[in-house]
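# Predicted model follows, preceded by the sequence.
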Amino acid sequence: MIEDGVNGFSEEFKIGSRPKILNLDGDAFSNGQVTSKLWMCEIIEREFASSSALHLCVLGCWYALLPFLLLSRGQVRLSSLSLYDLDQQALMGARGLLENWICCGLPISFQKGDCNELTVTEWLSRSPDLVVNSSCEHLTSHKWIENLPPGTRVLLQSTNMKHWTHVLSPSSLSDFEGQLGNGFQWLWKGEKLFSYPDQSFSRYTLFGVRR
């Protein structure tokens, strides 16, 4: 069941107040995370440069770094933003990070729940122009794809980085495509290498349309 992520928030996180961002995981703002999200911003800006304002849906949003960067860059207009995550603390952080645009009137919903539980009816009622999932390696399955309406555009990322939370980590870009099945027409695909003193890994990105 997908719940309104604002339910249960303390008063300081309600609309019109000044939120406090507490206990953020610093890894969310690491070089790898920021560079990966900026890469996605560049793709969105290229693909939707001439589009009208978008309803953007972000699955596994964490602290909403991608929407924050996209809105800060100001190259693409959003009509509304739907954010989903299993972690309510992460949604509270996202709520704080996006406070500026909430105050400016951008409709933003914070939904707590598993994206694999989104039904066809729920997807149709939301009608997003673009669905983004930058954390596909964290999902135990890609069941959410089955209920995604045909024609929906998606921008997806995964990585081969070794981590105990990466339960569905692909070994290559083609392996990532294989995990997602034949339900998409891919319009663009790419790979970016990250190399650090203690580890190296690749990030894979796919942009396409649900068949």
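Noted; the coordinates are in hand. What you see is a predicted model, and the numbers here were worked out from it, not measured in a lab.
# Can you show me the strands along the protein?
3-4, 54-59, 78-85, 108-112, 130-133, 153-159, 184-195, 200-210 (DSSP state E).
# now those strands in CSV, with mean neighbour count and distance to Leu168?
Where you see a C-beta, it was placed from the backbone N, CA and C, and this is true even at glycine. Formatted as CSV, the strands of the chain follow (neighbours: other CB atoms under 10 Å; distance: least, CB to CB, whole Å):
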stretch, mean neighbour count, distance to Leu168
strand 3-4, 12, 24
strand 54-59, 23, 14
strand 78-85, 20, 17
strand 108-112, 20, 21
strand 130-133, 23, 12
strand 153-159, 23, 8
strand 184-195, 13, 17
strand 200-210, 18, 12
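# any chance of those strands in CSV, plus mean pLDDT and distance to Glu177?
Below are those laid out as CSV (pLDDT from 0 to 100; distance: least, CB to CB, whole Å):
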stretch, mean pLDDT, distance to Glu177
strand 3-4, 56, 32
strand 54-59, 97, 18
strand 78-85, 97, 23
strand 108-112, 96, 28
strand 130-133, 97, 14
strand 153-159, 97, 10
strand 184-195, 98, 7
strand 200-210, 98, 7
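# Now distance to Thr121 too, for those strands, in TSV please.
Formatted as TSV, those follow (distance: least, CB to CB, whole Å):
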stretch	distance to Thr121
strand 3-4	16
strand 54-59	15
strand 78-85	15
strand 108-112	15
strand 130-133	16
strand 153-159	19
strand 184-195	21
strand 200-210	16
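# what's the nearest residue to Ser135 if we skip its chain neighbours?
Gly60 (4.0 Å; CB to CB, 6 or more residues apart in numbering).
# show me the contacts for that neighbour.
Gly60 makes contact with Tyr84, Asp85, Leu86, Cys115, Asn133, Ser134, Ser135, His138, Leu139 under the criterion CB atoms under 8 Å, 6 or more residues apart in numbering.
# Make CSV from those and add distance to Pro107 to it.
CSV is the format used below for the contacts of Gly60 (distance: CB to CB, whole Å):
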residue, distance to Pro107
Tyr84, 15
Asp85, 18
Leu86, 22
Cys115, 20
Asn133, 21
Ser134, 22
Ser135, 23
His138, 27
Leu139, 26
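# which one among the residues you listed gets closest to Phe68?
Distance to Phe68 across the contacts of Gly60 (CB to CB) is lowest for Ser134, with 12.8 Å.
# just checking, the closest one touches Thr159?
No: applying CB atoms under 8 Å, one finds Ser134 not in contact with Thr159, separated by 9.5 Å.
# And the closest residue to Ser109 other than its chain neighbours, how far from Lys192?
Counting by CB to CB, 6+ apart, Ser109 lies nearest to Ser82, which is 5.0 Å off, once chain neighbours are set aside. Distance, Ser82 to Lys192, using CB to CB, to the nearest Å: 26 Å.
# got it, and Ile43?
From Ile43 to Lys192 the distance is 11 Å (CB to CB).
# just to revisit the earlier point, can you give me every residue that contacts the residue nearest to Ser109?
His55, Leu56, Cys57, Val58, Ile108, Ser109, Gln111, Arg126, Pro128.
# same question, His163
Ser169.
# Can you pull the phi/psi pair for it?
phi -160, psi 150 (degrees, to the nearest 10).
# Look at it and report its pLDDT.
With respect to pLDDT, His163 has a value of 80.
# likewise the one 10 residues further on?
At Leu173 the predicted local confidence, pLDDT, stands at 98.
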